[in-house]
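Visitor: All I have is the shape, not the residue letters:
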């Protein structure tokens, strides 16, 4: 057993002016060289605990601090933050909170310069970290003109290059595409293998689950679980937890509820595939001539009930036609009608000369619910900003509702086009939440009585009533996200763009946001959701189109199943097909349809023969 490199005793902490403490009596020891995931719901105290480990709390925040925190044998009260930085590296969840210099190379070298490391060594170390993270393409770029995901990679590089004894990463993958995530994971695991102690803070534990020595679950500022991944998967029902877990664990727990042995629960995907093949009985071949009950267009039958969302006209049309494979054909907008949105050979270059969009031609019609995904820097956000005039084409033209919008101001376009920024702080600017919700309505000339009524209805729907008179800047990240979504949807735009609406949210809050967007959508609107988080969006019942960006171009587009189950596309986007697809393919010899991408539908198919045999035995 290695010595404890982090010791926390009876830690309590409350932020200034807070009514309740965020941390409530934390006792925790972390041995040297461990990889520990700290997880929990938004607001559970994860980030606060991390900041207590590197001295940012209480020095940079103030507040009421009780207890003791030791790192590398040093009491955090005995050294200031700059001295503790020699031992503890901290990567912030929001890269903009960390970036301090205008160029990528100087940002990565910043910490080493402050430590007076020789110039030759700095150049050698920065060049090495560029290569290890695969971000050579960012050399010479302005940090403030990078995408958020690219900024996050630079922030990670600036800490990794310092080779700290303890590395704390706060939600480090939240803005990264999956392939980039795998690169970061590979580097972090390499550091851990070489002896670096890793504290991985995130509500999404799916990527690091099988590699962790221990998982610490915070629940309302207290430790609710502290143990290895296998014990967590076997002892806790993830269905009711806010954390995002691996798809294969979701499936295993569904199968256990259906009567399978708990042996089916394995921390790793490889172990799950092996165990499922051992435990599943030979199944009947799938009858492809009969419509499958779990596939009904954009309507999905789930094994457990979800909150009711009335079907839109587009969904009702989706169940009217079934092809000869038994797969319902998703509703497609009528492409013979004039598109609501048209990118007509659009090219866009930033002032530094970087060409972000290259000859884009795309059309979106009424009833399009679209996921836009792709690598960091592939042009997703740049594409979206052309819709409301925040950016204008260098070449080509943008057409909205049949009209070229080159001469229309953004303020005019905003009446029919809502835009949710990736970072809520870029959008919130009014003194109270009430004022924030009222802002667009007042600007559009809505009468006072209607404004009041809409705010009341919206606050109820978004659970904001208790926050109406609070300053948006005092809210948590998830509360800010709800306010920005509400401020966009309150005036009912026909076109809505959501840029990373689920980033940094726990599973419950992310699904709530997706449910809100789904309820808002109908066949008269166009909804575009930009996201790297494929895992959350594969469960959407309204999604009918996916657009994948690559190097400023449209790499591929199509319906969700054809995109999410295509090995070539998913290899580019995700590094491999989704875990559920891998499991389904491994069971295809036993009659399982190989084109699954949801845990719920695969669990239903695996358990159907067992349910059928139990039913027959009962008769």
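Guide: Looks like it came in fine. Keep in mind that what you see is a predicted model, and the values were worked out from it rather than measured. Numbering: from 1, shown residues only.

Visitor: May I have the secondary structure class of residue 38?
Guide: strand (DSSP: H, G, I helix; E, B strand; the rest coil).

Visitor: show me what contacts it?
Guide: Residue 38 sits next to 46, 49-50, 199-202, 216, 218 when contact means C-beta atoms under 8 Å, 6 or more residues apart in numbering. No exception for glycine: its C-beta is placed from N, CA and C like everyone else's.

Visitor: Pick the one among those closest to residue 542.
Guide: residue 202 (26.9 Å; C-beta to C-beta).

Visitor: tally of neighbours for the closest residue in space to residue 391 that isn't next to it in sequence?
Guide: Ranked by C-beta to C-beta, 6 or more residues apart in numbering and with sequence neighbours excluded, the top spatial neighbour of residue 391 is residue 385, at 4.3 Å. Residues contacting residue 385 under the criterion other C-beta atoms under 10 Å number 19.

Visitor: Give me the pLDDT for residue 385.
Guide: Reading off the confidence values, residue 385 has pLDDT 95.

Visitor: do residue 51 as well
Guide: In this model, residue 51 carries a pLDDT of 95.

Visitor: residue ranges with poor pLDDT in the protein?
Guide: 1, 281-336, 609-619 (pLDDT under 70).

Visitor: Ramachandran coordinates for the residue nearest to residue 391?
Guide: Main-chain torsions, residue 385, degrees, to the nearest 10: phi -70, psi -10.

Visitor: you'd agree residue 56 is up against residue 80?
Guide: No - assessed by C-beta atoms under 8 Å, residue 56 is found out of contact with residue 80, at 10.5 Å.

Visitor: what about the two, which has more around it?
Guide: residue 56 (21 against 11).

Visitor: How much space separates the more buried one from residue 589?
Guide: Applying C-beta to C-beta, to the nearest Å, the value for residue 56 to residue 589 is 54 Å.

Visitor: which residue ranges form the helices in the stretch 401-550 of the chain?
Guide: Ranges of helices within the stretch 401-550 of the chain are 410-413, 433-443, 448-461, 477-489, 507-520, 534-537, based on DSSP state H, counting those that start in this stretch.

Visitor: and the angle from the fifth one to helix 448-461?
Guide: Same thing as helix 507-520. Calculated by axes from the mean of the first three to the mean of the last three C-alpha atoms, to 10 degrees, helix 507-520 forms an angle of 140 degrees with helix 448-461.

Visitor: Now do helix 507-520 against helix 477-489, angle only.
Guide: Using the same axes, to 10 degrees: helix 507-520 against helix 477-489 is 0 degrees.

Visitor: who does helix 507-520 touch, helix- and strand-wise?
Guide: Helix 507-520 is packed against helix 477-489, strand 495-499, strand 526-530, helix 534-537, with contacts defined by 3 or more C-beta pairs under 8 Å, 6 or more residues apart in numbering; DSSP states H and E.

Visitor: List the contacts of the longest one.
Guide: It refers to helix 477-489. Residues contacting helix 477-489 (C-beta under 8 Å, 6+ apart): 42-43, 93, 418-421, 424-425, 427-428, 433, 436-437, 439-440, 458-459, 461-464, 467, 472, 475, 496, 498, 501, 504-506, 509, 513, 516-517, 520.

Visitor: Now list the buried members of the residues you listed.
Guide: 42-43, 93, 418-421, 424, 427-428, 433, 436-437, 439-440, 458-459, 462, 464, 467, 472, 475, 496, 498, 501, 504-506, 509, 513, 516-517, 520 (16 or more other C-beta atoms under 10 Å).

Visitor: circling back: now tabulate the helices and strands packed on helix 507-520 in CSV and tack on distance to residue 366.
Guide: As requested, these are arranged in CSV below (distance: least, C-beta to C-beta, whole Å):
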stretch, distance to residue 366
helix 477-489, 17
strand 495-499, 10
strand 526-530, 7
helix 534-537, 21
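
Visitor: and of the ones you listed, who's closest to residue 401?
Guide: strand 495-499 (9.1 Å).

Visitor: what does the closest one rub up against?
Guide: By C-beta under 8 Å, 6+ apart, strand 495-499 touches 340-341, 380-381, 384, 387-388, 400, 416-422, 485, 488-489, 517, 520, 525-530.

Visitor: The same query, at a cut-off of 7 Å, please.
Guide: 340-341, 381, 384, 387, 416-422, 488, 517, 525-530 (C-beta atoms under 7 Å, 6 or more residues apart in numbering).

Visitor: among the residues you listed, which ones are buried?
Guide: 340-341, 381, 384, 387, 416-422, 488, 517, 525-530.

Visitor: Show me what counts as buried in stretch 545-562.
Guide: So, applying 16+ other C-beta under 10 Å, buried residues of stretch 545-562: 545-549, 552, 554-557, 559-561.
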